Structures are given as C-alpha cells and as structure tokens.
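J.: What would the 3D arrangement of this be:
(one chain, ligands or ions: 1)
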Amino acid sequence: MGILEKITEIEKEISRTQKNKATEYHLGLLKAKLAKYRVQLLEPSKSGGAKGDGFDVMKSGDARVALIGFPSVGKSTLLNKLTKTHSEAGAYEFTTLTCIPGKIEYNGANIQLLDLPGIIEGAAQGKGRGRQVIAVARTADLILMMLDATKSDQQRPLLERELEAVGIRLNTEKPNVYFKVKKGGGISFNSTVKLTYLNEKMVYHILHDYKIFNAEVLVRQDITVDEFIDVVLGNRKYIKCCYNKIDSIVMEELDRLAHEPNTIVISCELDLNLDYLVEQIWKHLNLLRVYTKKRGEFPDFDGGLIVRKNSTVEHVCHAIHRSLSEEFRYALVWGVSTKHNPQRVGLSHVIEDEDVIQGICLQNRKEEVNIISDPTVLLLI
Ligand SMILES: Nc1nc2c(ncn2[C@@H]2O[C@H](COP(=O)(O)OP(=O)(O)OP(=O)(O)O)[C@@H](O)[C@H]2O)c(=O)[nH]1
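T.: Numbering: from 1, shown residues only. Reported below is the predicted structural model:
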C-alpha cells in the first residue's frame, strides 16, 4: 500500500471511530501515524516525488519568508514591489511555475522573499506542484499565506485545510512544552498545569510509536493530542495571513478582514499598507539588530549585526568570526539588556534589540580587543 492509500485509510478510520474514553488512546495513535505519513509524503525519496526541478533555492540573508497562496492572488506582483527582483505577473493563472527568490532590505537585514507557484486544492496529496511548494514553504522562517480579498470566503478555509494537512499551523502559538530526546533514562513526563486532553499513558504511547524511548517532556500548557504530536515532530511552521486586492472590495468587508487575527490587508495595485506589511514581517521574524563599538569611539550605527531573538553574546561572536568565542573574556554592553551602562557580561548574556557591544578580550593576549565586523582587523588591535 502506498503512503497516500495509508493516509486515506487512517483518515477514514479516525472519522469512523467514536470519540470516548475507551477509544482515546487508539485515536491518539492513529493521529500520530497520520502525522508521520504526511511528513513522509513530503520527503521526495520516500514518496517518489520530483527532485531538482528548480525548487532548490539557496537559503540566503538573515531570514526566509515564503509567499503561499492560490494562483493569481498577486504573489508575483508583491515580490516585484517589495524587492528588486522581477517575477512574471499575469492576469492568467500559474504565471509562476518555479520558485523565485527576492531580497527585502529592512533595518539592516536582508530578508529572502520567495514567490512560489500558486497552490491548488489537493496540494498536500501532491496535486499540481503542491508538494514541492509546501516542502519549500516549510524551510521558511515565516510563511505569508496570501489570499485574494475578493474571494476570501472560499480561499481561506481551503488553503488552511491544505496547510494543516502538512503541519503548517495558522494563528496558533507554538505549544509551551519542553521536549528533549535523550540517550538514556527512559521517558520522564511532568506538567505544570492540569491537563484535560493529554496524560502520561498517551504520551508514552505516542512516543513509542515514533520509536522514542528516552526523552524529557515538560508540559506547561493544557495542550491537545494533536499539539503534542506537533511538538514531537518539531517541524511545524506558524504563519501569518495577508489579504491582497483590498482595492476591489467594499469598506465593510475590508473592515471585517482587517480585524481577523494575525491578518494584514494590502493592495499591491495601490501600494496600500505595503510598508506596514514589511514592518510586520520584521516583527514576526524576531530579529534583533546590535551594534559594535571600538574603545573610545562611537558605535557603528550604520553597520550592525542581525541576530535572532534570545541570542547571546556568544551568538554575536559567532556572527563576527567562528574563533572569537574561544578567545573571549568579557564584553561591555550598553542597552536594554543590561542593568548598568555599560555592564561587563559573559558569553551567555542574552542581548536585546539595539544593544551596543564592545571590548571582547582575548585570554591568551591579556589585552583588550574590540568586536568589529571585520575579523582581519582583530589582529591589528
Ligand atoms: N485589483 C488588484 N489586482 C491586483 C493586485 N495585485 C495583483 N493584481 C493583479 O492580479 C493578477 C495576478 O497577479 P500575479 O502577481 O501574477 O499573481 P500570482 O499569485 O503570482 O499568480 P501565479 O503566478 O499564477 O501563482 C495580475 O493581473 C495583477 O495585476 C491588487 O492589489 N489589486
């Protein structure tokens, strides 16, 4: 039996099975199996999918954003507006047949924006180029689900269903669960809240089905079985919704769409809200910009380094040069992350947006060296 048939069988069995106490473990296991097969479906080697057809775009820049939506919603038009790339836009469907990358420059960061071919119903099962589109989208740090505002009622539920089937979640926060696979020690399960959907036995069953026999699980939120499976698979993506063509709908409808959660309304035609869209992309990518400074000089506010939220001084060192953290002694930091300005901090200090960092010392040299973006200059100081 092929993967698609197996998926259909399990879906049928889930819908046949009555939901009650006696069937809850059986259902939990079926859901775990279903999620496993759906992941396999996206792996070309296992599902016999096509390879090397122009979808292997090099990841570049500080983060990657993928545009996903039905044909002709305006994805190529948006890419052309926000980046200097040219992607063919047309009034007929499927103008984009492959994946076209562009670059948004914002706040000193280079954000890669991918224009993907329009998705059609049944994409999760491999219809059209759906499987490849979804596989690329999953490599992105943020997915923008783009919808035609004039067809919002039909498009949104259909696309959401396709994306849900491949583990892409809309409008949901990542479940608050600590999960770590270990080398030994069995499964340790704890929770800090009362759980109404999940229990220890269910967790064991699901983990065993994934052949995980040693792990630490700490649940900090009343999550469902599906959410726990999301945590185990660990590759779920969380996305934002963007309605284009708002120039073609009435004010009341626009107001309704604009108030949907995690939603941005834009018009590529009239350049409406595009700046706000970029601001929101930046915000959701959770990137920080930090500045470096030489002793006795002003910080280099034109340069700056882009790092992810919750990065430490060690990450900054890595961003400058791989060997820097090995020779590190301490850094002086000015900004929101410190109590005093400047404050002497170690490698594990978590930095905040707009922090200024200076004065990393080399242990073996006993002299102060500044963090500067050009590693070759390190030798001169
Ligand atoms: N009214 C209006 N039309 C738009 C807007 N944005 C794009 N369009 C038009 O919508 C049509 C489709 O645009 P594309 O950018 O090719 O759409 P796409 O999603 O890339 O299409 P595929 O490549 O087929 O997936 C074009 O005729 C655009 O001019 C908008 O904001 N308002």
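J.: Tell me, what's the model's pLDDT at the nearest residue to N273 once chain neighbours are set aside?
T.: Closest residue in space to N273, ignoring its immediate chain neighbours: I266 at 4.5 Å, by CB to CB, 6 or more residues apart in numbering. Just so you know, the C-beta spots here come from the backbone N, C-alpha and C atoms, and that holds for glycine as well. If you check I266, the pLDDT there is 93.
J.: my guess is I266 meets I246, correct?
T.: Yes - applying CB atoms under 8 Å as the test, I266 and I246 come out as touching, 6.6 Å apart.
J.: Which residues are in contact with the residue nearest to N273?
T.: Residues in contact with I266, defined by CB atoms under 8 Å, 6 or more residues apart in numbering, are L78, C242, Y243, N244, I246, L272, N273, L274, Y276, L277.
J.: from what I can see, the third one looks like it's in a strand, true?
T.: Yes - checked against DSSP: H, G, I helix; E, B strand; the rest coil, Y243 lies within a strand.
J.: Now list whatever residues contact both of I266 and I246.
T.: Among the neighbours of I266, those also in contact with I246 (CB under 8 Å, 6+ apart) are L272, N273.
J.: Kindly state the domain boundaries assigned to the chain.
T.: What automatic domain parsing lists as the domains of the chain is 3-41+175-233, 63-171+236-285, 287-380.
J.: Mean neighbour count, the ones you listed: which tops it?
T.: When you average the neighbours per residue for each of those (mean count of other CB atoms under 10 Å), domain 63-171+236-285 leads with a mean of 19.
J.: How far does that one stretch from one end to the other?
T.: Between the opening and closing residues of domain 63-171+236-285 we find a distance of 7 Å, counting by CA to CA, to the nearest Å.
J.: Please flag which of the contacts of I266 sit within helices.
T.: With DSSP state H as the criterion, helices contain L78, L274, Y276, L277 from among those.
J.: And the closest residue to the first one other than its chain neighbours, how close does it get to G108?
T.: Spelled out, it's L78. Spatially, and ignoring its direct neighbours in sequence, L78 is nearest to C268 (5.3 Å; CB to CB, 6+ apart). From C268 over to G108 the distance is 25 Å, taken as CB to CB, to the nearest Å.
J.: and if you look at T23?
T.: Computed with CB to CB, the distance linking T23 and G108 is 54 Å.
J.: before we move on, what about V278?
T.: According to CB to CB, V278 stands 13 Å off from G108.
J.: Ok, T77 next?
T.: When distances are taken as CB to CB, T77 and G108 turn out to be 26 Å apart.
J.: So the residue nearest the centre of the chain versus D62, what's the distance?
T.: If you average the C-alpha coordinates of the chain and look for the closest C-alpha using CA atoms, centre = their mean, you land on D141, 3.0 Å from that point. In this view, D141 and D62 are 9 Å apart by CB to CB.
J.: Is the one residue in the stretch 101-250 of the chain that gets nearest to the ligand part of a helix or strand, or is it coil?
T.: Proximity of the stretch 101-250 of the chain to the ligand (CB to the nearest ligand atom) peaks at G118, 3.0 Å away. Look at G118: counting by three-state DSSP, its state is coil.
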